[in-house]
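Undergrad: what would the 3D arrangement of this be:
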Amino acid sequence: MRFSLRQIGVFVAVARHENVSRAAVELALSQSATSAALAELERLYDTQLFDRFGKTLRLNERGQALLPQAVELIERAGAIESLLEGRAGYGKLSLGATLTIGNYLATLIVADFLKRHPESTLQLQVHNTRTIIDQVARHELDLGLIEGTCRHPELIVEPWVADELVVFCAPDHPLAGKGRATLAELIGQPWIVREAGSGTRETLDQALRHHHAALPIRLELEHTEAIKRAVEFGLGVGCISRLALREAFRRGSLVAIETPELDLRRHFHFLWHRRKFQTAGMREFIALCRSMTAGVERSDQIVWPVIP
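TA: Okay, the predicted model is just below:
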């Protein structure tokens, strides 16, 4: 074996950042040492792994084929080191979750995971669906938890639990007293919605596409809580997951509007790269997710754990 783990680690970091300087910062190496390690790896096998565009390095075909195996090698080496040093747990796990999942479910599961496995380290990033898919595809995340759909050919997608969006308004809104609305009535209202690229927006747009309808959008916001506040202030009607509105409906600060003409059902999903080694930590985290939702038909029926 002519290559070293250090060279493979440098290759993975440069692939992630597409830049030697940023990779050097991540690895706590000098820029010259990082460049030298990558150059030596390519020289040993008389090959190039990147296409160079100034300071930007992008994986070529051979580099793309190597990346998943290189990531797996680094992860397995880390697991061996932990075992030799007598450390328990599952090592480091990088997770990505979309906003609804991240705000209302993932943090609870992360807390449970770390309570069971205190020697493990978890990193949780919360972004919209498009960003999580891109990060998993680039091997920046071990596991993604998303709302809506994913059609990326390099990713494995497994369903988790059913979810449903619901249209809602402030208690003093004209539609609040009716409790339901036709599509024609909805089109006559100003709307507060999630941004393009989010799973929530995708589900809403798809439901409207079947009716060849478009909504008068007043505001696009990236955060669920911001949408709830804007609707409470009377700026329009919104549409997000029932899970995110459960407490607001219970308090009466927001009111659900049933929309029989719109199919707002969807699923939460797990996703990971098809060429990625599925670690024991990933399997354990997925098992805890499924345990939380066992026996429920929809995400808003999940029973929250009691926090003393």
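
Undergrad: neighbours around residue 110, how many?
TA: Close neighbours of residue 110, defined as other CB atoms under 10 Å, add up to 19. For the C-beta atoms, the positions are set from N, CA and C on the backbone; glycine is no exception.

Undergrad: what sits against it?
TA: The contact partners of residue 110, by CB atoms under 8 Å, 6 or more residues apart in numbering, come to 95, 122, 124.

Undergrad: could you do residue 155 as well?
TA: Listed by CB under 8 Å, 6+ apart, the contact set of residue 155 reads 133, 136-137, 271-274.

Undergrad: can you rerun that using 10 Å?
TA: Contacts for residue 155 (CB atoms under 10 Å, 6 or more residues apart in numbering) come out as 133, 136-137, 144, 146, 269, 271-276.

Undergrad: can you map out the strands along the stretch 101-250 of the chain?
TA: In the stretch 101-250 of the chain, the strands defined using DSSP state E, counting those that start in this stretch lie at 121-126, 143-147, 155-169, 191-194, 217-221, 237-241.

Undergrad: helices of the stretch 151-300 of the chain, start to end?
TA: With helices called from DSSP state H, counting those that start in this stretch, the stretch 151-300 of the chain shows them at 183-187, 199-209, 224-232, 242-251, 280-292.

Undergrad: dump those to TSV, plus distance to residue 32, mean neighbour count and mean pLDDT.
TA: Putting these into TSV (distance: least, CB to CB, whole Å; neighbours: other CB atoms under 10 Å; pLDDT from 0 to 100) gives the following:
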stretch	distance to residue 32	mean neighbour count	mean pLDDT
helix 183-187	61	15	93
helix 199-209	43	20	94
helix 224-232	45	19	96
helix 242-251	49	16	95
helix 280-292	35	17	93
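
Undergrad: how about those helices, which one is nearest residue 104?
TA: With respect to residue 104, and counting by CB to CB, the nearest of the helices of the stretch 151-300 of the chain is helix 242-251 at 5.4 Å.

Undergrad: ok, back up a step: closest to residue 18 among the contacts of residue 155?
TA: Nearest to residue 18 among the contacts of residue 155, with distances taken as CB to CB, is residue 137, at 14.0 Å.

Undergrad: for the closest one, what are its contacts?
TA: 144, 150, 152-155, 271, 273.

Undergrad: likewise for residue 43?
TA: Applying CB under 10 Å, 6+ apart to residue 43 gives no contacts.

Undergrad: which helix or strand lies directly C-terminal to the helix or strand harbouring it?
TA: Assigned by DSSP states H and E, residue 43 belongs to helix 31-44. Using DSSP H and E, the helix or strand that follows helix 31-44 towards the C-terminus is strand 50-53.

Undergrad: avg pLDDT for that following strand?
TA: For strand 50-53, mean pLDDT is 93.

Undergrad: equivalent analysis for stretch 99-107, please.
TA: Across stretch 99-107, pLDDT averages out at 94.

Undergrad: list the buried residues in it.
TA: Judged by neighbour count using 16 or more other CB atoms under 10 Å, the buried positions of stretch 99-107 are 99-106.
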